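# I'll drop the sequence and a predicted model, then ask my questions.
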Protein chains: 2
Amino acid sequence: MQAIILVSTAYITEQAVTVADKTFFQLRKDIVEGDILPASKLSETELSTKYAVSRSVIREAINRLESCHLVERKANVGARVVALTPEGLVELYQVRESLEGMAARLAAKNMTDSEIADLNSLLNSHFEGVKAEGSYYQEAGDLDFHYRIILGSKNRPLISILIDGIYHLVRMYRVQLGMAGPRVSTAFDEHKHIVQAISNRDEELAEILMRRHISYSKNNIQTKLIKN
Amino acid sequence: MQAIILVSTAYITEQAVTVADKTFFQLRKDIVEGDILPASKLSETELSTKYAVSRSVIREAINRLESCHLVERKANVGARVVALTPEGLVELYQVRESLEGMAARLAAKNMTDSEIADLNSLLNSHFEGVKAEGSYYQEAGDLDFHYRIILGSKNRPLISILIDGIYHLVRMYRVQLGMAGPRVSTAFDEHKHIVQAISNRDEELAEILMRRHISYSKNNIQTKLIKN
DNA sequence: ACCTTCTGCTTTGTCGACAATCTGGCGGCT
DNA sequence: AGCCGCCAGATTGTCGACAAAGCAGAAGGT
C-alpha cells in the first residue's frame, strides 16, 4: 500500500448523515475555533434560527456537545460554552499524558508495518514542511501525528476517550490561548524519537517519550499562562 | 467530621430533575443490571410505551446511553445494547489500569486527611463485613472503594471519564459474566495496601499497587472467560 | 430605603404528528 | 435458479405547538 500523506486531519471521516449530525459538527467547529465565545450562553431558539433547523436538532447537538464537555448545561436554565481555567487545562493534560502514553505503548505493539511506514512518511513530510516554511508545523501536522498513534493503539475505548472526548477540548483551549505552533523544532524532534521507538517496537520507550512530549507541552502552557 | 460509612454507592447523588434524567437513569440501570439483554434492540416506540413517556425523552436517554458506550446507534436504523466481547473487556481494563492508577497517585497527593480517615473507616467496615459474613465484599463495597479514590484524585476530567464513562460499563460486564465477588480476601488485602500507601502519601506506590490490583482483576476475568 | 412577593415574560422541557429512510419479501428479469 | 429492483410496512428523524420552570422587574409592605 502506497503511503498517503495528508496534512489535514480531514481523513478522519466523521460522516454526518442526519441534520443533527451536521449541526453538531458545525456547532462544535464554531465553538472550538472560537466563533462562539467561551462562557457564552447557547440559546436554543436563537441557534435554531441561526442554523435554520428546528429546536429539536439543536437540543440534540447541545446534548452531544455536553458529552464532549464542550458545553455545560443546567436543567431548566440552559447551556453555556465551558469556561477556560488554567487548572482545568493542567488537569486535562495530566489525563492526556497518561492516556497518550498508553496509546504510544500500544501503538508500538499493535500497529502494522505498513501503518508504521505511513507514519514515517508523515513525519518526513513534516520535516519537509519545517525545512521549507520554517514555522510550519501548526495544529494540523501535530494533530495528525497524535491521531495516528492513538488510532494505532487499536484500543477502542482509548481511541474513543481521546478522539471524541479530549481532543476537541484541547484544540479549543489551544485556540483560546493562542498556543498554535510553539515549540516547533523541539516538538518535531520529539515526534521523530517517538516514531523511532515505535518502529523498533520498543513499547516502554515509546510510552516514556510520549509522556515526556506531552509533559513538555503542559509545562510550556503553564509558564505561558503564568506570564499572562 | 465523623466518618460516614455507607455500603451502597447511593451517596453518589446523581439527582434527576427532568423526566429525561429519570428515564436515562432507569434505562441505564435496566441495561447494567441485565433486565434489558445485551445486543437487544431498543425500539423507541416500544420503550416510550413501556416507560410511559414520549419518544423525545426516550431518544434523549438513548443518546446519553450512547455517550456512555452502553448502546450503539446507527442512523436511521436504531440503537442496540452493546454486545459483550472478551477482547473489549480486556481493552477496557487496560484503560482502567492506566486511569485508576493515575487516580490513586493523585489521591495520595490530593485527598485531605479527613477524606483519608474516612477511607480507612470504609476499609475497616469492609473488614468487619468479611470477618462476619465470610463472602461479603461484593460489588458495592469494592465499588465504593474505587469511587472514593477516583473522587479523591480531584481531577475533574479523570473523574468524569471513570465515573460517567467506564464505571457503568465495567459493572455491566461484571453482571453479564456473573463475576460478582470473586477474589474476596486477596482483593481486600490489596485494598488495604493501597489505602496504606495513600495514607503515607506515597504517590508512586499507590499507583503501582492500584495498577497491579486492576491487572489481577483483568487476569482473573481473562482466565474465567477462557474457561467458558 | 430596603426587603419581600407577585406577576408577566422568556426559556427550556415534553409531547404528538408528519416526513424521510431502512428492512424484508415479492415479483420479474436474465 | 439466481439476482436485481420494487413495494409495503415499520422505524427513525424532524418539526412546531403546548406545558412548566426560572428570571427580572414592578408593586406593596415594614
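Structure received. Residues are numbered from 1 along each chain as shown, chains lettered A, B, ... in the order given.
# which residues of chain A score low on pLDDT?
A:1-13, A:129-141, A:179-185, A:227-228 (pLDDT under 70).
# all the strands of it, residue numbers only.
A:41-42, A:71-74, A:78-81 (DSSP state E).
# name the residues of chain A found near DNA strand D, please.
A:18-20, A:53-57, A:60, A:76-77 (C-beta under 7 Å from any atom of the strand). Where you see a C-beta, it was placed from the backbone N, CA and C, and this is true even at glycine.
# same list (the residues you listed) but as JSON lines, adding neighbour count.
As requested, the residues of chain A next to DNA strand D are exported to JSON lines (neighbours: other C-beta atoms under 10 Å in any protein chain shown):
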{"residue": "A:18", "neighbour count": "12"}
{"residue": "A:19", "neighbour count": "16"}
{"residue": "A:20", "neighbour count": "21"}
{"residue": "A:53", "neighbour count": "18"}
{"residue": "A:54", "neighbour count": "14"}
{"residue": "A:55", "neighbour count": "12"}
{"residue": "A:56", "neighbour count": "15"}
{"residue": "A:57", "neighbour count": "19"}
{"residue": "A:60", "neighbour count": "22"}
{"residue": "A:76", "neighbour count": "7"}
{"residue": "A:77", "neighbour count": "8"}
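# quick revisit: deepest-packed of the strands of chain A, please.
Among the strands of chain A, strand A:78-81 has the highest mean neighbour count (mean count of other C-beta atoms under 10 Å in any protein chain shown), at a mean of 18.
# tell me which of the strands of chain A lies nearest to chain B.
Taking C-beta to the nearest C-beta, strand A:71-74 is the member of the strands of chain A nearest to chain B, at 9.2 Å.
# is that closest one anywhere near chain B?
No. Using C-beta under 8 Å from any C-beta of the partner chain, we find that strand A:71-74 stays clear of chain B, coming within 9.2 Å at best.
# ok, that strand: who's next to it in the sheet?
Applying DSSP bridges, strand A:71-74 is found paired with strand A:78-81 (antiparallel).
# centre of the chain versus the partner strand, how much separation?
On the basis of C-alpha atoms, centre = their mean, to the nearest Å, strand A:78-81 sits 22 Å off its chain's mean C-alpha point.
# thinking again about what came up before, among the residues of chain A next to DNA strand D, which lie within helices?
Taking DSSP state H as the definition of helices, the residues of chain A next to DNA strand D contribute A:19-20, A:55-57, A:60.
# still on that earlier bit, closest one to residue A:94 among the strands of chain A?
Residue A:94 sits nearest to strand A:71-74 of all the strands of chain A, at 20.5 Å, using C-beta to C-beta.
# returning to what we had before: among the residues of chain A next to DNA strand D, which are in reach of chain B?
Okay, of the residues of chain A next to DNA strand D touching chain B (C-beta under 8 Å from any C-beta), that's A:18, A:56, A:60, A:76.
# which non-adjacent residue is nearest the residue in chain A that DNA strand C sits nearest to?
Residue nearest to DNA strand C within chain A (C-beta to the nearest atom of the strand): residue A:78, separated by 3.2 Å. Computed as C-beta to C-beta, 6 or more residues apart in numbering or on different chains, the closest residue to residue A:78 that is not its neighbour in sequence is residue A:41, at 5.9 Å.
# okay, and the beta partners of the one you found?
Beta-bridge pairing of residue A:41 under DSSP bridges involves residue A:80.
# separation between it and residue A:80?
5 Å (C-beta to C-beta, to the nearest Å).
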